[in-house]
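> return atomic coordinates for the entry below.
(chains A, B, C and D)
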Protein chains: 2
Amino acid sequence: MGGTAASSSTATATATTERATRRGRIDKRQAILDAAFTVFANRGYARACMEEIAEVAGVAKHTVYNHFGDKESLFHAAMEATGNAVMGENLAVAERLTAGGAERAATGPTAASDGSGAGFDPVRSCLEDVAHGLLQQCCDPRSWALRRLLYAEITRFPELLEAVWGRGADRLRQTLADRMARLSLAGGLCPCDPVEAAEQFLALLTGPMEARSQLGTRPVPTAELDTVAEAAVRTFLRAFQAERPRAALSAAAS
Amino acid sequence: MGGTAASSSTATATATTERATRRGRIDKRQAILDAAFTVFANRGYARACMEEIAEVAGVAKHTVYNHFGDKESLFHAAMEATGNAVMGENLAVAERLTAGGAERAATGPTAASDGSGAGFDPVRSCLEDVAHGLLQQCCDPRSWALRRLLYAEITRFPELLEAVWGRGADRLRQTLADRMARLSLAGGLCPCDPVEAAEQFLALLTGPMEARSQLGTRPVPTAELDTVAEAAVRTFLRAFQAERPRAALSAAAS
DNA sequence: GTCAAAATGCACTCGCCAGTGCAGATTATG
DNA sequence: CATAATCTGCACTGGCGAGTGCATTTTGAC
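Alright, predicted model coming up:
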């Protein structure tokens, strides 16, 4: 019936053809990538066997070889795909850090922004939102599995660093740094090196999670994530918040 | 003959026997442990083969099995030994963080302790010393190899977490927390949760090194270590240094 | 020198798994 | 239905490496 279609529907037919053909391939391909990452994460690169990957993907072993050639290429592809997905989510969270709140902070009533007193602090709440989001991402089991696999195989596959980590982590830090710079200019943060601020903000977030999640083997309850995020923002703001409130405070005292 | 030995010389004889006998064994044992860690670090657990370990240790394969039974036990022993060594060095550095300087800080001329102005700040210099030492330890190739192996095999050998990491990292953080608490009481730091302070101090140190050393695959020049240590201490002190200088400042202003 | 424990060298078994070849089933297309 | 591409199931090779057995040698104690 597809063959009797009029030329007017050629475009549709072609699209359908491509979609149908590719859909099957893409679906299988994606299923294989997902299964591969799962199995690699569970067993490690060396112990993972292609047969199990095929089995988990619901596919014949030959199909895996048809798509990816050999184990090493499959590993590379699976790591890159997962890395892109994870880093995309991280970037989306980081971009929620807007300087919009900072302007309100500079003009609004922010007398309590130094200590942990009452009053609404838009910079703080925005940072806490981003901190919480980043922590949730970074404590996702898939994220931890990716880190573990990277650490495990980085000496044997150094190119993974650039393909999976470098492009992602660099962009995350740069994105944060951009937002920090705008926060500084808007008066929400003191003048500082935005890259350093971003680096340390990330360190205050992810550093404590290593021990608390036991290298990713223990699921961390949300309440604990909140605790860490809050503590990180508190320390970060004490170190980097604009000094204006203090000046106001001393002026009031004098 | 052992049965006919006089009871008076039993202790000495036994000691001599054990010492001499064990010395040979201990030397081989240690050589095997060192070689095992090296090979595991280079190849990963799964790809490391017992024959190469024996070869590197200068020992027959059978000797390895005589001492450690099987590959898994050898891995465990090698990880634990290296972990103890690394953590011992870390603890030694952390214990250089004394509250002695803090008292001097509280009584001496510390007007410039808030900003980065001139004047000698013993708390800062002591923190910088410890920060630099910890960074040096944590960037040691052996330390990175240990981290990589832990990350790589933690899902398959969960007991390693307690044996290698837990006991060590916990003690490091607790030791730092103890010193932080004394610094607080002595007036060098503001009143704060010392465990949280220690956690964040460590995070500010080790967090940035992950990206900078590319997961331990790139040797970090000493100058960069200094940069990171200095930045970490600067941020830490801005967040945690005692407020007394500010009080003194406002008192002088009024 | 004598003895026992430890260490060595060699050859061997056994299980695991990457990758291949082939013959047949499935699927989309015309 | 015909065709071509893809997918599937199965059997197979080849290599690698953990762990063992045994005969021999070295080492340290008495």
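> now the helices for the stretch 1-150 of chain A?
Counting by DSSP state H, counting those that start in this stretch, one finds helices in the stretch 1-150 of chain A at the ranges A:10-43, A:50-57, A:61-68, A:71-94, A:100-107, A:122-138, A:141-153.
> state the distance from the residue in the stretch 101-250 of chain A that DNA strand D sits nearest to to DNA strand C.
The nearest approach of the stretch 101-250 of chain A to DNA strand D comes at A:Arg156, 12.6 Å away (CB to the nearest atom of the strand). Yep, even glycine has a C-beta here, placed from its N, CA and C like the rest. Per CB to the nearest atom of the strand, to the nearest Å, A:Arg156 is found 14 Å from DNA strand C.
> pop out the phi and psi values for that residue.
Phi and psi for A:Arg156, reported as degrees, to the nearest 10, are phi -90, psi -30.
> wait, it sits on B:Ala46?
No: with contact defined as CB atoms under 8 Å, A:Arg156 does not count as touching B:Ala46 (10.9 Å).
> who has more neighbours, these two?
B:Ala46 (18 against 15; other CB atoms under 10 Å in any protein chain shown).
> what about the closest residue to chain B within the stretch 51-200 of chain A, neighbour count?
The stretch 51-200 of chain A approaches chain B most closely through A:Ala152 (3.2 Å), counting by CB to the nearest CB. A:Ala152 has 25 neighbours, counted by other CB under 10 Å.
> any figure for the gap between it and A:Ala94?
To A:Ala94, A:Ala152 is 26 Å away according to CB to CB, to the nearest Å.
> now A:Arg167
According to CB to CB, A:Arg167 and A:Ala94 sit 14 Å apart.
> for A:Arg179, same thing?
7 Å.
> and A:Val56, what does it touch?
Contacts here follow CB atoms under 8 Å, 6 or more residues apart in numbering or on different chains; on that basis A:Val56 touches A:Ala35, A:Thr38, A:Val39.
> does the first one really touch A:Lys61, like I thought?
No: in this structure A:Ala35 lies outside contact range of A:Lys61 using CB under 8 Å: 11.8 Å.
> one step back: and which of the contacts of A:Val56 is nearest DNA strand D?
Nearest to DNA strand D, judged by CB to the nearest atom of the strand, of the contacts of A:Val56 is A:Ala35 at 11.8 Å.
> run a quick neighbour tally on A:Thr217.
Using other CB under 10 Å, A:Thr217 has 13 neighbouring residues.
> show me the contacts for it.
A:Thr217 neighbours (CB under 8 Å, 6+ apart): A:Trp144, B:Ile154, B:Thr155, B:Pro158, B:Leu161.
> helix or strand for A:Phe157, which one?
Assigned by DSSP states H and E, A:Phe157 belongs to no helix or strand.
> number of residues surrounding it?
As a burial measure, A:Phe157 scores 18 neighbours (other CB under 10 Å).
> doesn't A:Ala78 make contact with it?
No: using CB under 8 Å, A:Phe157 makes no contact with A:Ala78, being 11.9 Å away.
> overlap of the contact sets of A:Arg156 and B:Ala46?
A:Tyr45.
> re earlier: which one of the contacts of A:Thr217 sits closest to DNA strand C?
For those, the closest approach to DNA strand C (CB to the nearest atom of the strand) belongs to B:Thr155, at 15.4 Å.
> centre-most residue in chain A?
A:Asn90 (2.4 Å; CA atoms, centre = their mean).
> model confidence at it, what's the number?
At A:Asn90, the model reports a pLDDT of 96.
> ok, now A:Gly108?
We note a pLDDT of 43 for A:Gly108 in this prediction.
> do the helix or strand harbouring A:Gln174 and chain B meet?
According to DSSP H and E, A:Gln174 maps onto helix A:167-185. Yes: for helix A:167-185, a contact with chain B is found by CB under 8 Å from any CB of the partner chain, at A:Ala169, A:Asp170, A:Arg173.
> name the next helix or strand downstream of that helix, please.
Following helix A:167-185 in sequence order, the next helix or strand is helix A:194-212 (DSSP H and E).
> same for that following helix, what does it pack against?
helix A:122-138, helix A:167-185, helix A:222-240, helix B:167-185, helix B:194-212, helix B:222-240 (3 or more CB pairs under 8 Å, 6 or more residues apart in numbering or on different chains; DSSP states H and E).
> would TSV of those helices with mean neighbour count, distance to A:Thr98 and mean pLDDT be doable?
Shown next, in TSV, are the helices and strands packed on helix A:194-212 (neighbours: other CB atoms under 10 Å in any protein chain shown; distance: least, CB to CB, whole Å; pLDDT from 0 to 100):
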stretch	mean neighbour count	distance to A:Thr98	mean pLDDT
helix A:122-138	21	7	93
helix A:167-185	19	7	92
helix A:222-240	20	16	96
helix B:167-185	19	35	92
helix B:194-212	22	24	97
helix B:222-240	20	23	96
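> can I get the ones you listed in CSV including distance to B:Ala54?
Shown next, in CSV, are the helices and strands packed on helix A:194-212 (distance: least, CB to CB, whole Å):
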stretch, distance to B:Ala54
helix A:122-138, 41
helix A:167-185, 39
helix A:222-240, 45
helix B:167-185, 28
helix B:194-212, 34
helix B:222-240, 37
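> ok, residues contacting stretch A:75-85?
Residues outside stretch A:75-85 that contact it (CB under 8 Å, 6+ apart): A:33, A:36-37, A:40, A:45, A:68, A:142, A:146, A:149-150, A:153, A:157, A:159-160, A:163-165, A:168.
> is that stretch anywhere near DNA strand C?
No: for a cut-off given as CB under 7 Å from any atom of the strand, stretch A:75-85 has no contacts with DNA strand C; the smallest distance is 9.5 Å.
> quick one: average pLDDT of that stretch?
On average, stretch A:75-85 scores 97.
> list the buried residues of it.
Neighbour counts over stretch A:75-85 (16 or more other CB atoms under 10 Å in any protein chain shown) mark A:Phe75, A:His76, A:Ala77, A:Ala78, A:Met79, A:Glu80, A:Ala81, A:Thr82, A:Gly83 as buried.
> so which residues on the stretch 101-250 of chain A come close to chain B?
A:147-148, A:150-156, A:158, A:161, A:165-166, A:169-170, A:173, A:196, A:199-200, A:202-204, A:206-208, A:211, A:214-217, A:231-232, A:234-236, A:238-240, A:246, A:250.
> cool, thanks, talk later.
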